[in-house]
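A.B. asks: Need coordinates for the following:
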Amino acid sequence: QVQLVESGGGLVQTGGSLRLSCAASGRYPMGWFRQAPEKEREFVAAISWTGHNTYYPDSVKGRFTISRDNAKNTVYLQMNSLRPEDTALYYCAAVGAIYADRVYTTSRDYDYWGQGTQVTVSS
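C.D. replies: Numbering: from 1, shown residues only. As a prediction, this is how the structure comes out:
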């Protein structure tokens, strides 16, 4: 059973920055998703298990950076130039097996989910 624990959410003003952390119980391909009230869950970033490959949707590209420290089994999401539309509950997720050094971009690819951490960006 993979355990994921997110931290680092909070309240920030428009243009500010936050760094989210996700501590995992092992080394897996990982991703970040977010869900705002009354909206569908949205893919935010993904990283391969080695950290060599990353992927972002256009909505966050150039503002968000996913990284990992495999010595600590921790994945990070650095969020810069935050906007009110970035307000959501952010989840980290893990793919439960390693098939290749690749990224996964849809929620159905992920087997395990954290409890979520709230990010609120005030205007």
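A.B. asks: What is the neighbour count of residue 27?
C.D. replies: Residues lying near residue 27 (other CB atoms under 10 Å) number 16. In this view, the C-beta of every residue, glycine as well, is placed from N, C-alpha and C.
A.B. asks: Give the full set of residues in contact with it.
C.D. replies: Residues in contact with residue 27 (CB atoms under 8 Å, 6 or more residues apart in numbering) are 49, 70, 73.
A.B. asks: Tell me which of those residues fall in strands.
C.D. replies: Of these, none are assigned to strands by DSSP state E.
A.B. asks: Buried ones from those, can you make that a ChimeraX selection?
C.D. replies: Buried subset of those, written as a ChimeraX selection, criterion 16 or more other CB atoms under 10 Å:
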select :49,73
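A.B. asks: and which of the contacts of residue 27 is nearest to residue 100?
C.D. replies: Using CB to CB, residue 49 is the member of those that sits closest to residue 100, with 9.1 Å.
A.B. asks: pLDDT score for the closest one?
C.D. replies: Residue 49 is assigned 95 on the pLDDT scale.
A.B. asks: Residue 118 touches residue 89, doesn't it?
C.D. replies: Yes - with contact defined as CB atoms under 8 Å, residue 118 counts as touching residue 89 (5.5 Å).
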